[in-house]
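Colleague: for reference, the sequence and a predicted model appear below.
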Amino acid sequence: MKQKKKLLMISSVGGHLTQLLSLEELFKEYDYHLVTEKTDVTLKLKDKYPVSFLVYGARNYLFRYLFKFSYNIIKSLMIFLREKPDIIITTGAHTAVPMCYIAKLFRKKVIFIESFAKSKSPTLSGRMIYPIADLFIIQWESMKEFYPKAVYGGTIY
């Protein structure tokens, strides 16, 4: 029997996580693990999914954010080594960037889905991950202007 590929699905909380969870049909096809930020809302995910948490860190408090982001880089590496994924799928944002670069260091595939909310300008995480993504999916054809090698996939809602 062929072993299923291991997916690591990662995103920040909020709309990015909502978009990622809309891919739930994939969960049946693969061995998967979900990674997001720890909040009161996301703790409930443990009842339904295999999940690991990173520290929640909004960028509006830069000094604190730098410490939390640094911690999340180390924690992302630990999660990556424990889960041993074949493929990273992410909808962004900042939480996902270190995991994608860790995956590339280990020669794993990275799939990035640009936010549905962005139809006229790129996200910061999209710009950071685009150069290393094996597959970069946009949800609006207008985003080809910023990501010429991207694949238009339509909306995931």
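Modeller: The structure has been received and is ready for your questions. Residues are numbered from 1 along each chain as shown.
Colleague: report the central residue of the chain.
Modeller: The centroid of the chain falls nearest to Thr90 when counting by CA atoms, centre = their mean (2.4 Å).
Colleague: who does that one bridge with?
Modeller: Beta-bridge partners recorded for Thr90 (DSSP bridges): Ile10, Phe112.
Colleague: quick check: the gap between it and Phe67.
Modeller: Per CB to CB, to the nearest Å, Thr90 is found 23 Å from Phe67. Using the backbone N, CA and C atoms, a C-beta is placed for each residue, glycine as well.
Colleague: now Thr42
Modeller: Thr42 is 20 Å from Phe67, by CB to CB.
Colleague: ditto for Met9
Modeller: Note on Met9: its distance to Phe67, by CB to CB, is 26 Å.
Colleague: mean confidence score for the biggest helix by length in the chain?
Modeller: Looking across the chain with DSSP state H, the single longest helix is helix 62-83. Helix 62-83 comes out with an average pLDDT of 94.
Colleague: before we move on, what SS does Ser121 have?
Modeller: Look at Ser121: counting by DSSP: H, G, I helix; E, B strand; the rest coil, its state is coil.
Colleague: wait, it sits on Ser142?
Modeller: No. Under the criterion of CB atoms under 8 Å, Ser121 is not in contact with Ser142, lying 9.8 Å apart.
Colleague: can you pull the contacts of Asn134?
Modeller: If you look again at residue 134, you'll see it is Asp, not Asn. Neighbouring residues of Asp134 by CB atoms under 8 Å, 6 or more residues apart in numbering: Lys109, Val110, Ile111.
Colleague: which of those tops the neighbour count?
Modeller: Within the contacts of Asp134, Val110 tops the neighbour count with 21 neighbours, counted by other CB atoms under 10 Å.
Colleague: surely that residue is in a helix?
Modeller: No. Remark: Val110 does not belong to a helix; assigned using three-state DSSP, it is strand.
Colleague: when Thr42 and Phe67 are compared, which one has more neighbours?
Modeller: The residue with more neighbours, out of Thr42 and Phe67, is Thr42; 18 against 12, by other CB under 10 Å.
Colleague: please, which helix or strand holds the residue lying closest to that one once chain neighbours are set aside?
Modeller: Leaving out its chain neighbours, the residue that sits closest to Thr42 by CB to CB, 6 or more residues apart in numbering is Thr36, at 5.3 Å. Per DSSP states H and E, Thr36 falls inside strand 31-37.
Colleague: brilliant, that's me finished.
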